[in-house]
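[1] everything below, folded, please.
(one chain, ligands or ions: 1)
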Amino acid sequence: MPVEHAARPGQSTGEPEPRQSAERPDRTIHVDGAGLDVEAADGARRRVLAPVHADLSEGVVAVVGANGSGKSTLLRLIAGLVEPSLGEVRFSPDPPRTGFIFADPTAQLIMPIVGEDIAFSLRGRIRDRRARNAESRRILASLGLEDREQASVHDLSSGERQKVALAGVLAAEPELVVADEPTTLLDLRASAEFRERLLSLGVPLVLATHDLDFAAAADRVLVFDDGRLVDDDEPAAAIPRYRRLALGDRAG
Ligand SMILES: Nc1ncnc2c1ncn2[C@@H]1O[C@H](COP(=O)(O)OP(=O)(O)OP(=O)(O)O)[C@@H](O)[C@H]1O
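    Numbering: from 1, shown residues only. Below you'll find the predicted structure:
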């Protein structure tokens, strides 16, 4: 059930950030009993994700759960990075162009200079080099990084580096963004800012997060525990139950 948020421009910390209204493609991710078994070193098979059933068409879906509960596995199945050993992931009407954002942006920065990295991501879409550089500058400016075009990716702060990784993903004009704990390495302010960026992309977002403020800004929350989907509801209902699941009496 989509949850509407009132606009509160300019806020950068604290409460969940407002989401700008945006056109969202009418696409559904059908997770039809998708799950994953892996083979251990001794040859034994281990189920790391029990079959998940969920039709996801909301603008922002947050996936929460303890370490090792199966969040990243679900994200990788949705993004097509891993094939399910059970069930399937389908899309209707058609599979989206999907961009994946990792917790550690260094995993996806390829070129040493910021502008070069974005231009590299644009190569599939724009053949002309000057047009590519112009588009790279436009994307960087849209993320407030216009003065970092010539910077080394190694000299950036973690927050800037995560934004450059996002710029690289946006360069491919994704129709779905899958983000695996994208604010984990960021401080409070950078995390709030990055959260706001992701929420205002106007592109459907599925993200795993331990940041419950971020999850609270989603339209729908999936809760995982020990490799199973154990709750699936709107944030106002799912997050308090997740707190009780994770913290027991300490949830308050
Ligand atoms: N290819 C694999 N081979 C072996 N084990 C795997 C594989 N993929 C996932 N696992 C295991 O499955 C479990 C769930 O992992 P997953 O990364 O999905 O958890 P998570 O909820 O994202 O955890 P975290 O919050 O720590 O990132 C873990 O025990 C992990 O070691």
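
[2] up against the ligand, what does the stretch 51-200 of the chain have?
    Contacts of the stretch 51-200 of the chain with the ligand, taken as C-beta under 6 Å from any ligand atom, map to Gly65, Asn67, Gly68, Ser69, Gly70, Lys71, Ser72, Thr73. Glycine gets a C-beta too; all of them are placed from N, C-alpha and C.

[3] now, which of those residues lie within strands?
    Residues of these located in strands (DSSP state E): Gly65.

[4] in a markdown table: the residues of the stretch 51-200 of the chain next to the ligand, plus distance to His210 and pLDDT.
    A markdown table is the format used below for these (distance: C-beta to C-beta, whole Å; pLDDT from 0 to 100):
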| residue | distance to His210 | pLDDT |
| --- | --- | --- |
| Gly65 | 9 | 97 |
| Asn67 | 8 | 94 |
| Gly68 | 12 | 94 |
| Ser69 | 11 | 96 |
| Gly70 | 14 | 97 |
| Lys71 | 9 | 97 |
| Ser72 | 12 | 97 |
| Thr73 | 16 | 97 |
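
[5] please list only the buried members of the residues of the stretch 51-200 of the chain next to the ligand.
    Gly65, Ser69, Gly70, Lys71, Ser72, Thr73 (16 or more other C-beta atoms under 10 Å).

[6] low-confidence stretches in the stretch 51-200 of the chain?
    Nowhere does the stretch 51-200 of the chain drop to pLDDT under 70.

[7] what about the strands in it?
    For the stretch 51-200 of the chain, applying DSSP state E, counting those that start in this stretch gives strands covering 60-65, 86-92, 98-101, 176-180.

[8] what's the burial count for Leu86?
    When counting by other C-beta atoms under 10 Å, one arrives at 15 neighbours for Leu86.

[9] what sits against it?
    Gly33, Ala34, Gly35, Leu36, Asp37, Pro51 (C-beta atoms under 8 Å, 6 or more residues apart in numbering).

[10] now the fourth one: closest residue in space, sequence neighbours ignored.
    Pointing back at Leu36 there. Once flanking residues are discounted, Leu36 sits nearest to Leu49: 4.4 Å by C-beta to C-beta, 6 or more residues apart in numbering.

[11] count the neighbours of that neighbour for me.
    27.

[12] wait, isn't it in contact with Asp225?
    No. In this structure, Leu49 is not within contact of Asp225 by C-beta atoms under 8 Å, at 11.7 Å.

[13] ok but Asp231 is inside a helix, no?
    No. Counting by DSSP: H, G, I helix; E, B strand; the rest coil, Asp231 is not part of a helix but strand.

[14] once you drop chain neighbours, what's closest to it?
    Val223 (3.7 Å).

[15] ok, and what's touching the helix or strand encompassing that neighbour?
    Taking DSSP states H and E as the criterion, Val223 maps to strand 220-225. The contact list for strand 220-225, computed with C-beta under 8 Å, 6+ apart, reads 1, 54, 56, 58, 60-66, 69-71, 74, 215, 229-235, 238-239, 241-242, 245.

[16] list buried residues within these.
    54, 56, 58, 60-65, 69-71, 74, 215, 229-232, 235, 238-239, 242, 245.

[17] what is the nearest of the contacts of Leu86 to the ligand?
    The closest of those to the ligand turns out to be Leu36 (C-beta to the nearest ligand atom; 6.6 Å).

[18] now do the SS call for that closest one.
    Per three-state DSSP, Leu36 ends up strand.

[19] give the contact list for it.
    Going by C-beta under 8 Å, 6+ apart, the list of residues near Leu36 reads Arg47, Val48, Leu49, Thr73, Leu77, Val82, Pro84, Ser85, Leu86.
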